[in-house]
Every structure is written in C-alpha cells, then in structure tokens.
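**Student:** any chance you could fold what I've pasted below:
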Amino acid sequence: MASDVAPLPREPDILIEMIVELRDENGKLRAMLETLRRALYGARSKKFDAPATQLALGLADLSTAPVEPEPENTKPQPRDQSIRPKPVRNIGGLPQHLPREDVVIEPAVDACPCCHGTLHRIGEGVREMLDIVPAIIRVRRIHRPRYGCRACESAVVQAPAPSRPVEGGLPTTTLQAYVAVSKFAWHLPLHRQAQMLAGHGIDLDRSTLVHWIGRAAWWLKPLHDLLIETVMAAPKVFCDDTPLPVLDRTRRRARIARLWCYAVDDRPWQGPAPPAVVYRYAEDRRGRHIRAHLDGFRGVLQVDGYSGYDELARPNRPGGAITLAYCLAHTR
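**Tutor:** As a prediction, the model looks like this:
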C-alpha cells in the first residue's frame, strides 16, 4: 500500500527550514485556539461575539493574519477566591481643626499582677474615632429684668428688647441661616425641613419657612448689591449660566429658569484683585437679562458661544461696546 505522504528531503538545510515553518504555524494555531478558549470559557469582559465566517476565514488562511503566540508564563492563572484585596480605610489623619473629646479608660486593677506593687504611668495608647453630635434645637429665653426706685416709686427701668430677624417670628439668626444654607447649599427642600422640625415636636408650615427665607434675602440684599458693584468694577469678568428648575403652580411640571454667574479671579496670574462671584436670577435665557445685568460694565467679558452676548459687542450699545473674549473650548 503506497503512502500519500511525500518523502522528506535529505538535505539538512531544507529540513531545518521546514521545521522552523512548522513551529511558527504551530504557535499561530495555539494562539488562535487560546483566543477561542477565552471567548467561550473566559471572563465576560474578555468574550467577544465573532461570526462563524470570520473564524473560518481566520483558520483557513493563517499566513494572511499572523498571530503572535503568547508566552507560557503569561497565561491567565486561576484566581484564588480566598485572597481578598485589603479594604481602603481612613485610619487616623482626621482634620486638626475638629474639636477633640478625651476619654480616659483606666485599668480595673491599680496593682501589679505579679508582685502586687504600686503601678506608675509609663505611657499611653491613643486611638481616634470620628463622632458627631446631632443638631440640637433649643429655646433661647431672653430675660429683661425691670428695676424700680423705692424712693419715688414711679420710675421703672428695663433694657430694650433686641430686634428680631423676622418681625414677630420665632427664629434666631442662627436658625434662619441654617434653614437657608440647608436649602441652597445642601439642596434640602423646605417641606422636608418642616418634617424634620416636626420630628422634634415643632409644627411649622412650609409657608413659614418660605417667609424666613424671604426675610433672610431682604437682610442680605445690601451685601448682594456690594458684590455686584465690586464685580462690575473689575476690568475682566467671567460670565456663564446654569439651568435652574423652578416650581410653577400654573404648570404640571417645573419650568427652567437661569442662574447667571459673574466672577472675578486674578489668582492664576497673581493679580491684585481678590476673587469674587455674584449670582443673578433670570426667568429665562433671553438676552435682555444679560444686558440688564451688565448695564454700566466696561471691560472684557469672557463668555461661551451663546448668541445672546452679541448685542453687548455692538458699537451703538449705551456706554460703549463690551469686548467679548470667547472660551477656547468653544472655538471649534
């Protein structure tokens, strides 16, 4: 019976060349089989959905798509489930400005356990834990004693009552600031703050808290006006807006208003002016709000590509045109 296998050549150089080619082809086949094995049985992140035609083409012609074989030592090893990564914990390193409360725990026995002699202190171990004191709601009682004269029995002296931030209201300035910061800085709605106060036995309607916020805005209006004057007097001002959802009882959903930000910051180039920022509210994004906010401003205004700023750069603008410095991120 004749064999279909061609006889091997007897020249050593030809045999060496054939062995090298077969070894390279064997390595390519192993690499492709390893890829298929990972696709079928490997982790989900390493799998891929390859059509059968693409796999067939890859197996049919290995010379057109060379694949480098992976070294033996780089094959994925089975993961030991008993070894877990160490959790990242913040042990120590607490801010130094936080107040400290020291708790000293003495041993139950003050005598030596060996000879029953007197113990003396040689050191201590200190370990810090983070603690919190919940908000304390208290009542501030203001006493104003009245004094009278025994001789004439007609004069009565009493210190005047201090003014309240809310006329005829209950809150102190501390509580009023707490409600405002919780609403605007930590996004805690007023109706939820009313529920939190009700948990302490204090029943207040949400409209009462709304009145407190309005009164706080009235007290802070002079400071807001001073910020506007300070920012608008600078030669360079940064301007941007952000959407602000506003409740509207006439609609089923909130309408989108705008909160405009005007900022001055010369710190990156060591400027002399201190940083400042002021916020202006607008019911929409129309250009007339920007023109009203920047009335009287003279200088350079850094803006984005919003077309509402174009009116500010016109030569016929009352008081002169504003130089617009567009943001480099919008030049494209």
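**Student:** could you list the low-pLDDT ranges of the stretch 1-150 of the chain?
**Tutor:** Under the criterion pLDDT under 70, the flagged ranges of the stretch 1-150 of the chain are 1-5, 43-92.
**Student:** one more time with 50
**Tutor:** 52-53, 57, 63-67 (pLDDT under 50).
**Student:** and stretch 183-200, end to end?
**Tutor:** 19 Å (C-alpha to C-alpha, to the nearest Å).
**Student:** give me the mean pLDDT for it.
**Tutor:** Averaging pLDDT along stretch 183-200 yields 94.
**Student:** now do stretch 304-321
**Tutor:** Rounded mean pLDDT across stretch 304-321 is 89.
**Student:** quick one: distance of it to the chain centre.
**Tutor:** 34 Å (C-alpha atoms, centre = their mean, to the nearest Å).
**Student:** now the end-to-end length of it.
**Tutor:** Start-to-end, stretch 304-321 (C-alpha to C-alpha) is 17 Å.
**Student:** same check on stretch 319-329?
**Tutor:** Across its full length, stretch 319-329 reaches 30 Å between end residues, using C-alpha to C-alpha.
**Student:** give me the contacts around that stretch.
**Tutor:** Outside of stretch 319-329, the residues within contact range by C-beta atoms under 8 Å, 6 or more residues apart in numbering are 236, 294-305, 309, 312-315. C-beta here means a position set from N, CA and C on the backbone, and glycine is covered the same way.
**Student:** what subset of those is buried?
**Tutor:** Using 16 or more other C-beta atoms under 10 Å as the burial test, the contacts of stretch 319-329 include 294, 297, 301, 303, 309, 312 as buried.
**Student:** does the third one count as helix, strand or coil?
**Tutor:** Right, Leu301. Using DSSP: H, G, I helix; E, B strand; the rest coil, the structure places Leu301 in strand.
**Student:** ok, now which ones touch it?
**Tutor:** For Leu301, the contact set (C-beta under 8 Å, 6+ apart) comprises 237-239, 294, 309, 312, 322-325.
**Student:** distance of it from Phe238?
**Tutor:** Note on Leu301: its distance to Phe238, by C-beta to C-beta, to the nearest Å, is 8 Å.
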